[in-house]
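# Whatever this is, show me its structure:
(2 chains)
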Amino acid sequence: MDYSYFAHSLIRILKFVPNTLLIAALSTVISIVLAVPVAILRIKKIPVTEIILKVYTSFFVSTPGLVHVFIVYYGIPAFLKLFGIGVGGGGKLFYASAALTLNYIAQFAEVIRPAYLSIDKGQHEAALSIGMTNWQKEKRIILPQVVPVALPAVANGFVELIKDTSILFVLGIQDIMGSARTIISNDYGAGKLEVYTAVGLIYLVLISICTILTKRIEKMCSQEERRKRHEARSGRYHKTSDRGSENDRHGTYHPDRGAEPRYPGYSS
Amino acid sequence: MALIILIAGLSLGTLVTLLNNSKNRIIHGISTAFMWYVRGIPLLVHIYIIYYLLPKRVPAFLTLIIAYVFYSGATQSENVRTALSAVPKGQYEAAYCAGLTTFQTFRRIVFPQAMVVVLPILMNVFLNIVKGLSLAFMIGVVDIFARAKLCIAENEGYIEAYVAIGLVYWAISLLFNFLKGKLERNLYRKQGVVL
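Numbers count the residues shown, from 1 in each chain, chains lettered A, B, ... in the order given. Down below sits the predicted model:
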């Protein structure tokens, strides 16, 4: 292995990391925004959309990313042509993000829907029974509970999405992988192993950072943490509960206070 | 091919889990590093690295299997761990008390219970492997996807060919989901688990 060539290509590829991140971030944001209505429609179980969305989800979950990329790349222009809209070339970036977005809408909707359904029915009933409107109920009671459940999985989805951007070079996008291919062909395939190792290293670092962030989000959303924060906010317990582990928890309860209170999102 | 990878990957996954459970710091470190590597790298890049790392004489088919087994080993070790931790500790202790050896305990007590947990996951893993194999054409192994590429090269019907592959993958997945449902029900009935 030629280390100087390795370092050289590493630096050259590093310039294209923002492209990958841009595509990943763009696709994640759009797909989260669009996954919410999809999830809502699936929760409402409207007969027609239910079938359509089921087919849609099952298709995108069960076919490989490469197929999506190609179907979107060749399919969208052909589809638009049916309505007489001519798409001349179009940005490759657009098709790439569209393919990822379509895929991840399905994935994220599959995360958000169970998260919503995991909220105890009693919470809905209780909110309605104290006279909240539907909107108030969702906004004040349900959503704050759904978000911590869904967020870690969504963050994981983002990490997966970064990995999935590596196949986009088939469209000729200059992201990490694409630039690596360009370097290889510019140098007449001199050091393929070096270049790909550099690519691997960049991905490893990138994804490790994201994974650490994900772990943080996960921890923030875990029940243990939320209970601690809840206690700190409401100040209902003795200071000793800062020790906070499961074991000494019972020692900090006062018997007069009766049963253990339920915390938002802490449904067993 | 996917089946070979599944089984080999499962064995490797079990090995990694065992290594990871080891008390020895170095062994633990190695398996953790391995899992970190695999989780942090896209499959495609991994396949390329292995492809150019191995000597030229190794056929692409074999390269793919080696690369993929490595890759799925780490993923599977997670599943194995889930499955093993789903079996309560009392079961092991009870088995030892009844005088079973370690192997017997695993074979007769732990394995059947872990299987129930892991089977649905395994089916998903299998589907993921089938999906991941679509990357194989990058290093010149002909599978469904590469076949379609060849078709396109012969007679230029891009969108038709890609939709067709999509449908093929979809059909495979639906078939497996169906089988999965059947198998699960069968297994649960045998185990006497009430759904």
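# Now stretch A:71-87 - C-alpha only, PDB.
Taking Å, rounded to 0.1, in the frame of the first residue of the first chain, the C-alpha atoms of stretch A:71-87 are listed here in PDB:
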ATOM      1  CA  ILE A  71     -36.300   4.000 -11.200                       C
ATOM      2  CA  VAL A  72     -36.400   7.600 -10.000                       C
ATOM      3  CA  TYR A  73     -33.700   8.700 -12.400                       C
ATOM      4  CA  TYR A  74     -35.300   7.300 -15.500                       C
ATOM      5  CA  GLY A  75     -38.900   7.200 -14.100                       C
ATOM      6  CA  ILE A  76     -39.600  10.700 -13.100                       C
ATOM      7  CA  PRO A  77     -38.800  12.300 -16.500                       C
ATOM      8  CA  ALA A  78     -40.800   9.600 -18.200                       C
ATOM      9  CA  PHE A  79     -43.700  10.100 -15.800                       C
ATOM     10  CA  LEU A  80     -43.700  13.900 -16.200                       C
ATOM     11  CA  LYS A  81     -43.600  13.500 -20.000                       C
ATOM     12  CA  LEU A  82     -47.000  11.800 -19.800                       C
ATOM     13  CA  PHE A  83     -48.400  15.100 -18.600                       C
ATOM     14  CA  GLY A  84     -46.500  17.000 -21.200                       C
ATOM     15  CA  ILE A  85     -43.900  18.400 -18.900                       C
ATOM     16  CA  GLY A  86     -40.500  18.100 -20.500                       C
ATOM     17  CA  VAL A  87     -37.600  17.800 -18.100                       C
END
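# in that stretch, what's buried?
For stretch A:71-87, burial by neighbour count (16 or more other CB atoms under 10 Å in any protein chain shown) applies to A:Ile71, A:Val72, A:Tyr73, A:Tyr74, A:Gly75, A:Ile76, A:Pro77. Using the backbone N, CA and C atoms, a C-beta is placed for each residue, glycine as well.
# Could you do stretch A:101-121 as well?
Under 16+ other CB under 10 Å, the buried positions of stretch A:101-121 are A:101-113, A:115-116, A:119.
# overlap between the buried residues of stretch A:71-87 and the residues near chain B?
Filtering the buried residues of stretch A:71-87 for proximity to chain B by CB under 8 Å from any CB of the partner chain leaves A:Ile71, A:Tyr74, A:Gly75.
# what residues does chain B put near chain A?
Proximity of chain B to chain A (CB under 8 Å from any CB) is limited to residues B:36-37, B:39-46, B:48-49, B:52-53, B:127, B:131-132, B:134-135, B:145, B:158-159, B:162-163, B:165-166, B:169-170, B:172-174.
# now those: which count as buried?
The neighbour-count test (16+ other CB under 10 Å) marks B:37, B:39-46, B:48-49, B:52, B:127, B:131-132, B:134-135, B:145, B:159, B:162-163, B:165-166, B:169-170, B:172-173 as buried among the residues of chain B next to chain A.
# can you list contacts of stretch A:148-165?
Stretch A:148-165 has contacts (CB atoms under 8 Å, 6 or more residues apart in numbering or on different chains) with A:20-21, A:23-24, A:27-28, A:32, A:65, A:96, A:100, A:103-104, A:107-108, A:111-112, A:115-116, A:118-119, A:175-177, A:203, A:206-207, A:210-211, A:213-214, A:217-218, A:220-221, A:226, A:265, B:41-43.
# Likewise for stretch B:173-191?
With CB under 8 Å, 6+ apart, stretch B:173-191 has contacts from A:58, A:61-63, B:112-113, B:115-116, B:119-120, B:123, B:126-127, B:130, B:195.
# switch to 7 Å and redo it
With contact meaning CB atoms under 7 Å, 6 or more residues apart in numbering or on different chains, stretch B:173-191 is reached by A:Ser62, B:Val116, B:Leu119, B:Pro120, B:Met123, B:Phe126, B:Leu127, B:Leu195.
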